[in-house]
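1. what's the 3D shape of this:
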Amino acid sequence: MSAPTLEDLIGIEHCKLGFYQDLQQKVEQLKTTNLKLEKKRQEMQAVLDGITDLMLVLSDDLRILRVNHVVNKRYPDVDPTTLHCYELLRKRKSPCPDCPVRKALDNRQVVKERSSYRVGNGIKHFEIIASPLKSDPTGERQALLFKRDVTLEKEYQDKFYQAEKMATVGTLAAGVAHEINNPLAAISGFAEGLQRKLGKLEQAVDKELADDFREYTATIMSECLRCRDIVRTLLTFSRPVGSRLSTVDMNKCVNDTLFILKHHFKDRHGVTVETDLGQDLPVILGDESQLKQVIINLITNAFDATGEGGRIDITTRTGQRGTVELIVEDTGCGIPWDIQDKLFEPFFSTKQVGQGIGIGLSMCYSIVQNHHGEIFVCSDAGKGASFKVTLPGEGNDD
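-> The predicted structure follows:
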């Protein structure tokens, strides 16, 4: 075999040089491409970090593939990518019924739903959006899941709807109240006229008969005054009436109301009523008769819900920032959580026909709102209910 010539050696080196030059160009291209990809990744991550909702990328079998920073902050002690979505979000061992992600994958369309479920001691409302993604190179289907807490939004929305309903009922109540006032004034006026003539009647007829007429007319006038007070309370649906605002002692209101309702206690021997009235409560600037109406409604509702052997606790105490809190708690049948947001709607009632028309709690709501206070309910079906009224003390109505 002959030895390589100089031309052969120059050709081999030239080939090596070209190969290394091509390799160097490929490396530079890869670096440029890698920088572009990294920039896009950072831009995408910035977009994801700007999303304040929980965001998860899920596989076809609901395994968590990727999450945004909100998920990591919400669940700092777990690695989400080792779990299924129902294990992380709902603490379940199997997929949720009517899973929106399954619907999105099967129907190949975006699914938007709202769900409510208990979290701790309250009810949380969530908006869930599930969107199918294009299949990855392996052919596996994937979905994007957004979950946003809309509890506060729903609470404000419910308050807005409640205000609209109260305004509508207020218009109706104002018309009815004014129509009732006219015949009441006539009845009361004629009763007063009869009383003025009882002296002459007593001389012409039997004294015992005159005493009966005197008692009857006094009862008529008393009932007319009671109806007038009811009409004034009914007018609180439409606008705050020109009531006489004065300093009110909540404990006195409770004691006076319990005295009025003593016949309820006699009829229900098996129900125990206990009071725990706080000392040195701040005074309230308000209408005493209206606040007593709130207490009457709450206590009578507690009586209606409590069976034989039950218990009703009435508590007053000083709340935060100088407020006064009234709590009426019973051991009755309780209120299902799915209807609790309807309790203060006019004419909504869970009682049987003939036992109530559903206006008591809505009237309580209106009165408490006019006193710049708040009313809350906390209950579980079968475990009793607790209503709490919070009212600002005098000089703290902001």
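2. Mind listing what's buried along whatever helix or strand residue 254 lives in?
-> Residue 254 is part of helix 250-260 when elements are defined by DSSP states H and E. Neighbour counts over helix 250-260 (16 or more other CB atoms under 10 Å) mark 250, 253, 254, 257, 258 as buried. Bear in mind the C-beta positions are built from the backbone N, C-alpha and C, glycine included.
3. again, but for stretch 362-373
-> Quick answer for stretch 362-373 (16+ other CB under 10 Å): 362, 363, 364, 365, 366, 367, 368, 369, 370, 371, 373.
4. Tell me the helix or strand right after the helix or strand bottoming out on mean pLDDT in the chain.
-> The helix or strand of the chain with the lowest confidence, counting by mean pLDDT, DSSP states H and E, is helix 262-267 at a mean of 68. Helices and strands here follow DSSP H and E; after helix 262-267, the next one along the chain is strand 272-277.
5. so what strands line up beside that following strand?
-> Sheet pairing of strand 272-277 (DSSP bridges) gives strand 311-318 (parallel).
6. starting at the chain centroid, how far to the one helix or strand residue 175 maps to?
-> For residue 175, the element it lies in under DSSP H and E is helix 151-196. Put simply, helix 151-196 sits 26 Å off its chain's centre (CA atoms, centre = their mean, to the nearest Å).
7. Quick check: mean pLDDT of it?
-> Mean per-residue pLDDT for helix 151-196: 76.
8. Now do that helix: which elements does it pack against?
-> Helices and strands touching helix 151-196, by 3 or more CB pairs under 8 Å, 6 or more residues apart in numbering; DSSP states H and E, are strand 122-133, helix 207-234, helix 360-370.
9. Give me the angle between that helix and strand 122-133.
-> Using axes from the mean of the first three to the mean of the last three CA atoms, to 10 degrees, the direction of helix 151-196 lies 140 degrees away from that of strand 122-133.
10. Show residues contacting the helix or strand following helix 151-196.
-> Downstream of helix 151-196, the next assigned helix or strand under DSSP H and E is helix 198-204. Helix 198-204 has contacts (CB atoms under 8 Å, 6 or more residues apart in numbering) with 210, 213, 214, 217.
11. Contacts only, for the third one.
-> Taking CB under 8 Å, 6+ apart as the criterion, residue 214 is in contact with 195, 198.
12. Tell me the helices and strands packed up against the helix holding residue 254.
-> Right, helix 250-260 is packed against strand 272-277, helix 288-305, strand 311-318, strand 323-330 by 3+ CB pairs under 8 Å, 6+ apart.
13. returning to what we had before: relative to helix 360-370, how tilted is the helix holding residue 175?
-> 100 degrees.
14. could you give the angle of helix 151-196 to helix 207-234?
-> Using the same axes, to 10 degrees, helix 151-196 lies at 160 degrees relative to helix 207-234.
15. got CSV for the helices and strands packed on helix 250-260, with distance to residue 26 and mean neighbour count too?
-> Compiled in CSV, the helices and strands packed on helix 250-260 are given as follows (distance: least, CB to CB, whole Å; neighbours: other CB atoms under 10 Å):
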stretch, distance to residue 26, mean neighbour count
strand 272-277, 83, 14
helix 288-305, 80, 21
strand 311-318, 78, 18
strand 323-330, 74, 22
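16. of all the ones you listed, which lies closest to residue 177?
-> helix 288-305 (14.6 Å; CB to CB).
17. tell me the domain ranges of the protein?
-> The chain resolves into domains spanning 49-149, 156-237, 246-392 when parsed by automatic domain parsing.
18. Please identify the deepest-packed of those domains.
-> domain 246-392 (a mean of 17; mean count of other CB atoms under 10 Å).
19. Quick check: the gap between residue 284 and residue 376.
-> 18 Å (CB to CB, to the nearest Å).
20. oh, I was asking about residue 103
-> For residue 103 relative to residue 376 (CB to CB), the value is 36 Å.
21. same deal with residue 390?
-> 8 Å.
22. Ok, residue 37 next?
-> Applying CB to CB to residue 37 and residue 376 gives a distance of 54 Å.
23. which residues sit in contact with residue 130?
-> 100, 101, 103, 104, 110, 111, 143, 144, 145, 146.
24. Is it bridged to anything, and to what?
-> residue 111, residue 145.
25. Tell me the pLDDT of residue 131.
-> Per the predicted model, pLDDT is 91 at residue 131.
26. give the contact list for it.
-> 104, 110, 111, 143, 144, 145, 146.
27. before we move on, what about residue 191?
-> Applying CB under 8 Å, 6+ apart, the residues near residue 191 are 217, 220, 221, 224.
28. Please apply the same query to residue 328.
-> With contact set as CB under 8 Å, 6+ apart, residue 328 has these partners: 295, 298, 299, 302, 312, 313, 314, 386, 387.
29. one more time with 6 Å, if that's ok
-> 298, 302, 314, 387 (CB atoms under 6 Å, 6 or more residues apart in numbering).
30. my read: the last one touches residue 377, true?
-> Looking back up the chat, that one is residue 387. Yes - if you go by CB atoms under 6 Å, residue 387 and residue 377 touch, sitting 5.4 Å apart.
31. tell me, what's touching those two both at once?
-> Joint contacts of residue 387 and residue 377 (CB under 6 Å, 6+ apart) do not exist.
32. Pull up the gap between residue 373 and residue 82, please.
-> 49 Å.
33. meant to ask about residue 215
-> 83 Å.
34. Also residue 70?
-> For residue 70 relative to residue 82 (CB to CB), the value is 18 Å.
35. Over to residue 29?
-> In terms of CB to CB, residue 29 sits 37 Å off from residue 82.
36. Check residue 361 too.
-> Counting by CB to CB, the gap from residue 361 to residue 82 is 48 Å.
37. now swap in residue 50 and tell me
-> Counting by CB to CB, the gap from residue 50 to residue 82 is 26 Å.
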